[in-house]
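A.B. asks: sequence unknown, structure follows:
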Ligand code: FAD
């Protein structure tokens, strides 16, 4: 520049400064790089990770990834985006175990919540006692924490959350943004029914404490809110005394009506304090061409597998009812009898009842061993064209005939478990954002497919056919972990909850900054 004639020098300097400012305008978050709580990354490794998820189907590259070392870094980023003349979009990425890009932010900033877990200076999981006299405990958990760590930390105090997901290596913020369901939901409700207070960073960059009594609109909006209203910084989760071991039973059925009748009978005993109720109930469809042991857990004794496969072959597919009763030193002598009474009169195939006795942790963490096995074979990071549905009880027999016994058998491509189990609507808080069918008992059905990188479209076609079948037959399903392409579909999904959902977006994230990967307000 020194060698340029003076007027040319000024012209070049002027253009360089214009260029710099336009770069800063298109990347307005760069001003945050110098803040002590923020490590902003734009390198390919960070961008690649943030542009993929467990689904391996969607790829959307952010412009930067924030690795915060405290929640203040998140507050700064969001308030900076909100107050910027060009607001930019931001997504919290928990473990990225979504399957349709829900935790991505194309050309925006992804917050890598795992950095918060690694870098925070204050503990992320704190167990406290609300009333010593009654032993009421709760745990305050950072939204970035993994459920497996919550389990271990609470067990150290002899207490535990009561509502789980099948898989524990996902974050508290990620599951509370959806619902958080598993075999405990029929009795204890989903995870979103077990939160009593939260700290949330809203789309305006405000840190707000909320509960059913304080800032209740935000509280209910965020639970099941698909990340649209704020980032969960802390959740207070109710705890109960922890059992030490579980009796775990699986029974096989060839008759679907008998299978669902038994499931429904068992979940009708669902009082939280009711001693003669199960603690967990799920179910599966086992296909004739599949292995009875899926990656979910290995359960059936090897010596029994031939007879199970033979039963599945005779019937093309069979159904597996799975139940669990917890116990500890005090109930050890009675648990077998209690379970026997509960399972009396069930109509499973004679000779097809299998039992296990494992620790509470082994049971809750049952998916992990399968995950590690698949990882070692390079089969974990493959496409996962999943479809998760809630189906009203009144149409479950039609669903079996039209989907399991027609679409699934005819297409004959399903790989991975098909889960099916009922829950009680009364255990859900209708003020929360999660959408469920309008019947007291409804089923969750999960087609948890894995596929090769060049064949996931076949599974998408199958998913489409299932959705079309439900539409044509008037089965009023709701998607769980929903994904849609247009806002019209989202409006239909939310139904009577849409107006509240939309109004809350306007209140808590008026510039539509948060969780763009859900494609609700920016489809
Ligand atoms: P991400 O995928 O990272 O994020 C999901 C959404 O939440 C995104 O929109 C993201 O922006 C938002 N988000 C993330 N963190 C926060 C936060 N702190 N505050 C606000 N928003 C946030 N679900 C069940 O209910 N039951 C199951 O049994 C179950 N089993 C599963 C098993 C496996 C193997 C996998 C891969 C998923 C399973 N899921 C299950 C689904 C899982 O609960 C959701 O995909 C969940 O979102 C994953 O959590 P995550 O931390 O990976 O979230």
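C.D. replies: On my side now, so go ahead. Model, not experiment: these values are computed from the prediction. Numbering: from 1, shown residues only.

A.B. asks: and the residue of the stretch 1-150 of the chain at minimum distance from the ligand, what is it in contact with?
C.D. replies: Distances between the stretch 1-150 of the chain and the ligand by CB to the nearest ligand atom are smallest at residue 94, namely 2.3 Å. The way it works is simple: take the backbone N, C-alpha and C, and place the C-beta from them, glycine included. Counting by CB atoms under 8 Å, 6 or more residues apart in numbering, residue 94 touches 103, 113, 114, 143, 144, 170, 171, 173, 174.

A.B. asks: hmm, try it at 10 Å
C.D. replies: Neighbouring residues of residue 94 by CB atoms under 10 Å, 6 or more residues apart in numbering: 103, 111-114, 117, 143-146, 170-177, 227, 232.

A.B. asks: for residue 388, same thing?
C.D. replies: Residue 388 neighbours (CB under 10 Å, 6+ apart): 99, 178, 181, 419, 444-448, 478-483.

A.B. asks: Please repeat the previous calculation with a cut-off of 6 Å.
C.D. replies: The neighbourhood of residue 388, defined by CB atoms under 6 Å, 6 or more residues apart in numbering, consists of 446, 480, 481.

A.B. asks: Model confidence score at the residue sitting nearest the centre point of the chain, please.
C.D. replies: Most central in the chain under CA atoms, centre = their mean is residue 175, positioned 4.0 Å from the mean C-alpha point. Per-residue pLDDT puts residue 175 at 98.

A.B. asks: So is the helix or strand containing it next to the ligand?
C.D. replies: Using DSSP states H and E, residue 175 sits in helix 172-176. Yes. Among the residues of helix 172-176, 173, 174, 175 lie within reach of the ligand under CB under 6 Å from any ligand atom.

A.B. asks: quick one: the residue nearest to residue 447 when sequence neighbours are not counted from the ligand, how far?
C.D. replies: Spatial nearest neighbour of residue 447, excluding adjacent residues (CB to CB, 6 or more residues apart in numbering): residue 387 at 4.5 Å. As judged by CB to the nearest ligand atom, to the nearest Å, residue 387 and the ligand stand 13 Å apart.

A.B. asks: would residue 247 count as being in a strand?
C.D. replies: Yes. Looking at residue 247 with DSSP: H, G, I helix; E, B strand; the rest coil, it is inside a strand.

A.B. asks: My read is that it contacts residue 339, right?
C.D. replies: Yes. Contact criterion CB atoms under 6 Å: residue 247 and residue 339 qualify, at 5.5 Å.

A.B. asks: Pick out the residue in the stretch 251-400 of the chain sitting closest to the ligand.
C.D. replies: For the stretch 251-400 of the chain, CB to the nearest ligand atom, closest residue to the ligand: residue 367, 6.3 Å.

A.B. asks: Write out the residues of the stretch 351-500 of the chain neighbouring the ligand.
C.D. replies: So the stretch 351-500 of the chain meets the ligand at residue 481 (CB under 6 Å from any ligand atom).

A.B. asks: which parts of the stretch 1-150 of the chain sit against the ligand?
C.D. replies: 54, 91-98, 102-103, 113, 143.

A.B. asks: For those residues, name the two members farthest from one another.
C.D. replies: Farthest-apart pair in these is 54 and 143; separation 18.5 Å (CB to CB).

A.B. asks: Just the closest residue of the stretch 351-500 of the chain to the ligand, please.
C.D. replies: residue 481 (5.6 Å).

A.B. asks: Can you name the residues that contact that residue?
C.D. replies: Taking CB under 6 Å, 6+ apart as the test, what residue 481 contacts is 178, 388.

A.B. asks: Okay, and it sits in which element?
C.D. replies: Applying DSSP H and E, one finds residue 481 in no helix or strand.

A.B. asks: surely residue 204 meets residue 81?
C.D. replies: No. With contact defined as CB under 6 Å, residue 204 does not reach residue 81; the gap is 9.8 Å.

A.B. asks: who's more crowded, the two?
C.D. replies: residue 81 (24 against 18; other CB atoms under 10 Å).

A.B. asks: And the more buried one, what's its pLDDT?
C.D. replies: pLDDT for residue 81: 96.

A.B. asks: ditto for residue 131
C.D. replies: For residue 131, pLDDT reads 68.

A.B. asks: count of neighbours near residue 139?
C.D. replies: 22.

A.B. asks: which helices and strands sit right next to the helix or strand it falls within?
C.D. replies: In this structure, residue 139 sits in strand 136-142 according to DSSP H and E. When contacts are defined as 3 or more CB pairs under 6 Å, 6 or more residues apart in numbering; DSSP states H and E, strand 136-142 packs onto strand 125-131, strand 230-241.

A.B. asks: from those, which stretch is densest packed?
C.D. replies: strand 230-241 (a mean of 23; mean count of other CB atoms under 10 Å).

A.B. asks: who does that strand pair up with?
C.D. replies: The strands beside strand 230-241 in its sheet (DSSP bridges) come out as strand 136-142 (antiparallel), strand 159-160 (antiparallel), strand 195-202 (antiparallel).

A.B. asks: Comparing residue 54 and residue 143, which residue is more hemmed in?
C.D. replies: Neighbour comparison, residue 54 and residue 143: the larger count goes to residue 143, with 29 against 19 (by other CB under 10 Å).

A.B. asks: Pretty sure that one sits against residue 232.
C.D. replies: Yes. With contacts counted by CB under 6 Å, residue 143 reaches residue 232, the gap being 3.6 Å.

A.B. asks: Name the residues contacting each of these two.
C.D. replies: Common contact partners of residue 143 and residue 232 (CB under 6 Å, 6+ apart): residue 173.

A.B. asks: Not including adjacent chain positions, what is the nearest residue to the closest residue to the ligand within the stretch 401-523 of the chain?
C.D. replies: Closest residue of the stretch 401-523 of the chain to the ligand, CB to the nearest ligand atom: residue 515 (4.2 Å). Leaving aside its chain neighbours, residue 515 sits nearest to residue 227 (3.3 Å; criterion: CB to CB, 6+ apart).

A.B. asks: For the one you found, give me its contacts.
C.D. replies: By CB under 6 Å, 6+ apart, residue 227 lies in contact with 177, 514, 515.

A.B. asks: any idea how far it lies from residue 472?
C.D. replies: Here the distance between residue 227 and residue 472 works out to 32 Å (CB to CB, to the nearest Å).

A.B. asks: Now do the strands in the stretch 151-300 of the chain.
C.D. replies: 159-160, 195-202, 207-210, 230-241, 245-253, 280-287 (DSSP state E, counting those that start in this stretch).

A.B. asks: Now tabulate these in TSV and tack on distance to the ligand and mean pLDDT.
C.D. replies: Below are these laid out as TSV (distance: least, CB to the nearest ligand atom, whole Å; pLDDT from 0 to 100):
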stretch	distance to the ligand	mean pLDDT
strand 159-160	17	96
strand 195-202	8	98
strand 207-210	13	98
strand 230-241	4	97
strand 245-253	16	98
strand 280-287	9	96
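
A.B. asks: Let me have these in a markdown table, extended by distance to residue 75.
C.D. replies: Below are the strands of the stretch 151-300 of the chain laid out as a markdown table (distance: least, CB to CB, whole Å):
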| stretch | distance to residue 75 |
| --- | --- |
| strand 159-160 | 31 |
| strand 195-202 | 5 |
| strand 207-210 | 6 |
| strand 230-241 | 8 |
| strand 245-253 | 41 |
| strand 280-287 | 38 |
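
A.B. asks: so where do the strands sit in the stretch 301-450 of the chain?
C.D. replies: 317-327, 353-359, 387-392, 418-424, 441-447.

A.B. asks: Residue 66: which of those is closest?
C.D. replies: Nearest of the strands of the stretch 301-450 of the chain to residue 66, taken as CB to CB: strand 387-392 at 29.4 Å.

A.B. asks: Sheet partners, orientation included, of the closest one?
C.D. replies: Here strand 387-392 has these sheet partners by DSSP bridges: strand 441-447 (antiparallel), strand 478-479 (antiparallel).
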